[in-house]
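**Student:** with the input below, show me the fold.
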Amino acid sequence: MKAVVLEKACTAQELIAREVPIPKVKSGWVLVKIKAFGINRSEIFTRQGDSPSVKLPRIIGIECVGEIADPSDSSFHKGQRVVSLMGGLGREFDGSYAEYALIPSTQVYPINTDMEWTKLAAIPEMYYTAYASLFDTLMLSKEDTLLIRGGTSSVGLAALQLAKSIGATVISTTRNKNKIELLKQHGADFVLLDNENIQSQLDSILPQGVGKILELIGTVTLKSSLRMLAEKGILCMTGILGGEWVINSFEPMIDIPSGAYFTQFDSGANFKEKLLNDLFDHINQYQIEVPIAEVFTIDEISKAHLLMESNSANGKIVVVNES
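**Tutor:** Purely as a prediction, here's the structure:
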């Protein structure tokens, strides 16, 4: 089978697919024939050598959609449509950048949909992260106003769609003034240009602060976002699109406003199968169209990573297996 085996930290141009043996099935694990998978920012970090917990060589990739090729001793049946994401996939054991993957049966989830593989592959990690952050962690309702810091990221666009589907008011941010219209076209009620004047821009709309904030940029904007919270407001930190994992000079007693709430969402540590099923129901109920930036084959994996690094995708990057 074709697979992308990361031997050492490398550039996007050095990432290639090569022939490796199909994994041998073992008890407790199922063999999945991967039809398609999405590209994620964490995989860029791993490829660059910034995921010290990942032991190389490793087939990377933290999500996939496909069919059961061999159910082993599980309750699945051959040909059944499934999704898998996180839980060590592509990090603790070989992942989705391949034509087949051997995955623990407890981490493979059946899906009842005839959605085409390309569209389906754009949903799991991106939309699950957005959906769980909004409706499980932030407890978003239609009466809320939501600020999405990092609005043009794939998760930011997914969160915008999901929040608008229930009628919430959404303020999205972008560092690129050329993307303001993009966010408005996707339904943002207000767009803030993420620069040194972002606080004054927000004050002109909501001088009392915003009730719910989805922080996707991370440590470099966290303290600024916390200052934007209204009394009793909630900030959920879900992504780190820029900066370091550790924030310097963070003083909780000063940087977290009195009476506000600061939490976080980690799709790996907080995965709930019910939320995944609820997500698919939500997408079907509200007829949400998934934004796909570009589709590549596994032989074009370097192009997919280059597009992710360019920060110009404006949607999910998907890789499909032709066979």
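**Student:** need the helices for the stretch 101-250 of the chain, in chain order.
**Tutor:** Assigned by DSSP state H, counting those that start in this stretch, the helices in the stretch 101-250 of the chain fall at 117-121, 124-131, 154-165, 180-185, 198-205, 222-227.
**Student:** and residue 276, which of those is closest to it?
**Tutor:** helix 124-131 (5.9 Å; Cβ to Cβ). For the C-beta atoms, the positions are set from N, CA and C on the backbone; glycine is no exception.
**Student:** what sits up against that closest one?
**Tutor:** 38, 40, 62-65, 83-86, 154-155, 158-159, 162, 214, 238-239, 265, 267, 271, 275-276, 278-279, 282-283, 290, 316 (Cβ atoms under 8 Å, 6 or more residues apart in numbering).
**Student:** ok, residue 59 touching residue 92?
**Tutor:** No. Taking contacts as Cβ atoms under 8 Å, residue 59 lies outside contact range of residue 92: 11.8 Å.
**Student:** please identify which of these two sits among more neighbours.
**Tutor:** Higher neighbour count among residue 59 and residue 92: residue 59, with 19 against 12, using other Cβ atoms under 10 Å.
**Student:** residues of stretch 141-160 that come out buried?
**Tutor:** 144-160 (16 or more other Cβ atoms under 10 Å).
**Student:** pull up the distance across that stretch, start to finish.
**Tutor:** 13 Å (Cα to Cα, to the nearest Å).
**Student:** that one: how far from the chain's middle?
**Tutor:** 13 Å (Cα atoms, centre = their mean, to the nearest Å).
**Student:** ok, stretch 220-239 next?
**Tutor:** 19 Å.
**Student:** tell me how far the ends of that stretch are from each other?
**Tutor:** 11 Å.
**Student:** equivalent analysis for stretch 112-128, please.
**Tutor:** 16 Å.
**Student:** low-confidence ranges, the stretch 151-300 of the chain, go.
**Tutor:** 243, 268-270 (pLDDT under 70).
**Student:** contact partners for residue 297?
**Tutor:** So residue 297 contacts 319-322 (Cβ under 8 Å, 6+ apart).
**Student:** ditto for residue 120
**Tutor:** Residue 120 touches 35-36, 65, 83, 111, 113, counting by Cβ under 8 Å, 6+ apart.
**Student:** so which of the contacts of residue 297 is surrounded by the most neighbours?
**Tutor:** residue 319 leads the contacts of residue 297 on contacts (other Cβ under 10 Å) with 27 neighbours.
**Student:** where does the nearest residue to it once chain neighbours are set aside sit: helix, strand or coil?
**Tutor:** Spatial nearest neighbour of residue 319, chain neighbours left out: residue 296 (5.1 Å); criterion: Cβ to Cβ, 6 or more residues apart in numbering. With DSSP: H, G, I helix; E, B strand; the rest coil as the basis, residue 296 sits in strand.
**Student:** wouldn't residue 296 be in contact with residue 306 here?
**Tutor:** No. Look at residue 296 against residue 306 with Cβ under 8 Å: they stay out of range, at 10.2 Å.
**Student:** between those two, tell me which one has more neighbours.
**Tutor:** The neighbour count for residue 296 versus residue 306, taken as other Cβ under 10 Å, is higher for residue 296 (17 against 14).
**Student:** which parts of the stretch 51-200 of the chain are strands?
**Tutor:** 58-59, 63-70, 81-85, 100-104, 109-110, 145-149, 169-174, 190-193 (DSSP state E, counting those that start in this stretch).
**Student:** now distance to residue 136 too, for the ones you listed, in a markdown table please.
**Tutor:** Shown next, in a markdown table, are these (distance: least, Cβ to Cβ, whole Å):
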| stretch | distance to residue 136 |
| --- | --- |
| strand 58-59 | 30 |
| strand 63-70 | 19 |
| strand 81-85 | 16 |
| strand 100-104 | 23 |
| strand 109-110 | 17 |
| strand 145-149 | 14 |
| strand 169-174 | 18 |
| strand 190-193 | 25 |
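**Student:** check contacts around residue 118.
**Tutor:** 36, 292, 295, 318, 320.
**Student:** returning to that earlier point: mind putting the helices of the stretch 101-250 of the chain in CSV, distance to residue 14 included?
**Tutor:** Shown next, in CSV, are those (distance: least, Cβ to Cβ, whole Å):
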stretch, distance to residue 14
helix 117-121, 24
helix 124-131, 24
helix 154-165, 24
helix 180-185, 31
helix 198-205, 37
helix 222-227, 33
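**Student:** quickly note the distance from the residue nearest the centre of the chain to residue 157.
**Tutor:** Ranked by distance to the mean C-alpha position of the chain (Cα atoms, centre = their mean), the top residue is residue 126 at 3.2 Å. Distance, residue 126 to residue 157, using Cβ to Cβ, to the nearest Å: 9 Å.
**Student:** next: residue 58.
**Tutor:** Taken as Cβ to Cβ, the span from residue 58 to residue 157 is 29 Å.
**Student:** now do residue 191
**Tutor:** For residue 191, the distance to residue 157 - Cβ to Cβ - is 13 Å.
**Student:** what's the overlap in contacts for these two?
**Tutor:** Overlap of the contact sets of residue 191 and residue 157 (by Cβ under 8 Å, 6+ apart) consists of residue 151.
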